[in-house]
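*Asks:* Just the structure for this:
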Amino acid sequence: MKFSKKTIIFLGVLLLAGFFIYNSIRDKTPFAEKKPAVGESAPAISLADLSGKMVSLSDFKGKVVLINFWASWCPPCKDEMPGFQRVYMTYEDKGFAVIGIALDNVNLSLVKDMGILFPVVIANDRVKRDYGDISDVPVSFLLGKDGMIIKKHKGVYSESDLRRDVELSFQQPS
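*Replies:* All right, here's what the predicted structure looks like:
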């Protein structure tokens, strides 16, 4: 059986289109329904910060913690950082912490230029997988003092929403 050049090109395009359609629909689990879920314990994190110091989620036991996945190539990620820093400065003494988890290899000078004083670590595959196969950013998880996830947020987490959520989390029993 001999195929014309047009038929071969058509079949190739059809196969390629099928591949892209399959990839776009294979995991359509909405972010809110992906594990880890609100009400579950946050997966462990133990990663080196940009100066080489180990940062573990367990270091923040008893604190309200914002875990934010971001990347230097993501303008919305960089836009929300000043708000995170202001909320962090306001509530740090009351038991609030932020861990920035970069998906790319950010450097210390960029973080300093952005005015970030909270720990920034580089994600590894395990942490990205444990938090729901993180690939699109920004994504944030707010943890209560007990280490349970009290809010998941995909997209820009506004300073006013974060501030409200942190204040509400301080009112929850430990």
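*Asks:* okay, CA-based contacts and neighbour counts for the rest of this
*Replies:* Fine.
*Asks:* And the strand or helix carrying Arg163, how far out from the chain middle?
*Replies:* Here Arg163 sits within helix 159-171, counting by DSSP states H and E. Averaged C-alpha coordinates place helix 159-171 at 18 Å from its chain's average position (Cα atoms, centre = their mean, to the nearest Å).
*Asks:* Just the buried positions in it, please.
*Replies:* Going by neighbour count (16 or more other Cα atoms under 10 Å), the buried part of helix 159-171 is 159, 162-163, 166, 169-170.
*Asks:* Stretch 126-138 now?
*Replies:* Buried residues in stretch 126-138, counted by 16+ other Cα under 10 Å: 127, 131, 134, 137-138.
*Asks:* Can you classify Met81 as helix, strand or coil?
*Replies:* helix (DSSP: H, G, I helix; E, B strand; the rest coil).
*Asks:* tally of neighbours for it?
*Replies:* 22 (other Cα atoms under 10 Å).
*Asks:* Provide a list of residues in contact with it.
*Replies:* Counting by Cα atoms under 8 Å, 6 or more residues apart in numbering, Met81 makes contact with 114, 116.
*Asks:* Distance of the residue nearest the centre of the chain relative to Ile45?
*Replies:* Centroid-nearest residue in the chain, with Cα atoms, centre = their mean: Phe69, separated by 2.5 Å. Distance check for Phe69 against Ile45: by Cα to Cα, to the nearest Å, it reads 12 Å.
*Asks:* Using CSV, write out every CA atom in stretch 126-140.
*Replies:* Provided in CSV are the C-alpha atoms of stretch 126-140 (Å, rounded to 0.1, in the frame of the first residue of the first chain):
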residue,chain,number,x,y,z
ARG,A,126,10.1,15.3,45.5
VAL,A,127,8.8,18.6,46.9
LYS,A,128,7.2,19.6,43.6
ARG,A,129,5.5,16.2,43.4
ASP,A,130,4.5,16.1,47.1
TYR,A,131,2.7,19.5,46.7
GLY,A,132,0.7,18.4,43.7
ASP,A,133,3.2,18.2,40.8
ILE,A,134,3.9,21.9,40.9
SER,A,135,4.9,23.3,37.5
ASP,A,136,2.7,26.4,37.0
VAL,A,137,3.4,29.2,39.4
PRO,A,138,2.6,31.1,41.6
VAL,A,139,1.1,28.5,43.9
SER,A,140,0.8,29.1,47.7
